[in-house]
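A.B. asks: Take a look and give me a structure for this.
(2 chains)
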Amino acid sequence: AQKITQTQPGMFVQEKEAVTLDCTYDTSDQSYGLFWYKQPSSGEMIFLIYQGSYDEQNATEGRYSLNFQKARKSANLVISASQLGDSAMYFCAMRESRSNDYKLSFGAGTTVTVRA
Amino acid sequence: SAVISQKPSRDICQRGTSLTIQCQVDSQVTMMFWYRQQPGQSLTLIATANQGSEATYESGFVIDKFPISRPNLTFSTLTVSNMSPEDSSIYLCSVAEGRGVTEAFFGQGTRLTVV
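C.D. replies: Numbers count the residues shown, from 1 in each chain, chains lettered A, B, ... in the order given. Okay, here's the model as predicted:
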């Protein structure tokens, strides 16, 4: 079964507007971590933000915030005040703690295109 | 945060040949991983590189095709052997540092094209 589901293959957003990227996950672990990455056309994977399953506050990093709804198993990324440089592929990933091996499971990704 | 240098950044190789990709980290790290990203796809874990012992491979990946070395806590190599066009992908190394990992970093990736 898919552990990470990203249902939006692609999204367009106007410059300076906010955009929400959806991510749902499936795990039976009580302790887990959720990650978001940005992958521009160059191919590198840029770490954006992390949310731990026990964190009571939603994570924020600059213009990135994570809307964590544990009961719904949802970890949506919100990018505020979009910039042209935000155009990229975005991946949601999860690390489960059961095996204690720190490997990540990735979603299919969402392509974001920011329009001027 | 760890700084990861991955080489080469890209290569075009003939089928039937092998390519070795290097991953160098600027600090000692507990865990190192190798991922593959086929064109238009998400990342798939190939294996966990274990220091001083054989790598742990995921289902669908075998040591003969993807031999991995990890001689110390800052360096690892992935070899893609006997390449075919289906091996054309981005290969990425990743590191995790210690317990309670809240960050996981990637190298710049190696964009491989097999012709």
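A.B. asks: When you work out contacts or count neighbours from here on, use the C-alpha atoms and nothing else.
C.D. replies: OK.
A.B. asks: So, low pLDDT: which residues of the chain?
C.D. replies: Just so you know, I chose chain A. Within chain A, the ranges that satisfy pLDDT under 70 run A:1, A:98-100.
A.B. asks: Not quite, go with chain B.
C.D. replies: Ranges of chain B meeting pLDDT under 70: B:97-102.
A.B. asks: I'd like to know how many residues surround the closest residue to chain B within chain A.
C.D. replies: At 4.5 Å from chain B, A:E44 is the closest residue in chain A, using Cα to the nearest Cα. A:E44 has 19 neighbouring residues, counting by other Cα atoms under 10 Å in any protein chain shown.
A.B. asks: my guess is it meets B:S94, correct?
C.D. replies: No. A:E44 lies out of contact with B:S94 (Cα atoms under 8 Å); the separation is 11.0 Å.
A.B. asks: still on that earlier bit, helix, strand or coil for the residue of chain A closest to chain B?
C.D. replies: Secondary structure for A:E44, judged by DSSP: H, G, I helix; E, B strand; the rest coil, is coil.
A.B. asks: So which bits of chain B are right by chain A?
C.D. replies: Counting by Cα under 8 Å from any Cα of the partner chain, the residues of chain B close to chain A are B:31, B:33, B:41-45, B:90, B:96, B:101-109, B:111.
A.B. asks: Quick check: closest non-adjacent residue to the residue nearest to the spatial centre of chain B.
C.D. replies: For chain B, B:W34 is the residue whose C-alpha lies nearest the centre (Cα atoms, centre = their mean; 3.2 Å). Closest residue to B:W34 apart from its sequence neighbours, by Cα to Cα, 6 or more residues apart in numbering or on different chains: B:C93 at 4.5 Å.
A.B. asks: which SSE is that neighbour in?
C.D. replies: Using DSSP states H and E, B:C93 maps to strand B:89-96.
A.B. asks: Beyond that strand, next helix or strand please.
C.D. replies: Beyond strand B:89-96 in the direction of the C-terminus, DSSP H and E gives the next helix or strand as strand B:105-106.
A.B. asks: Now do the phi/psi pair for A:L84.
C.D. replies: Here is the backbone geometry of A:L84 (degrees, to the nearest 10): phi -60, psi -30.
A.B. asks: Contacts only, for it.
C.D. replies: By Cα atoms under 8 Å, 6 or more residues apart in numbering or on different chains, the contact list for A:L84 reads A:15, A:113-116.
A.B. asks: Turn those residues into a markdown table, columns for secondary structure, neighbour count and distance to A:I4.
C.D. replies: Shown next, in a markdown table, are these (DSSP: H, G, I helix; E, B strand; the rest coil; neighbours: other Cα atoms under 10 Å in any protein chain shown; distance: Cα to Cα, whole Å):
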| residue | secondary structure | neighbour count | distance to A:I4 |
| --- | --- | --- | --- |
| A:E15 | coil | 17 | 28 |
| A:T113 | strand | 20 | 22 |
| A:V114 | strand | 20 | 24 |
| A:R115 | strand | 14 | 28 |
| A:A116 | coil | 10 | 31 |
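A.B. asks: Neighbouring strands - and their directions - for the strand holding B:C93?
C.D. replies: Applying DSSP bridges, strand B:89-96 is found paired with strand B:31-37 (antiparallel), strand B:105-106 (antiparallel), strand B:110-114 (antiparallel).
A.B. asks: Noted, bye for now.
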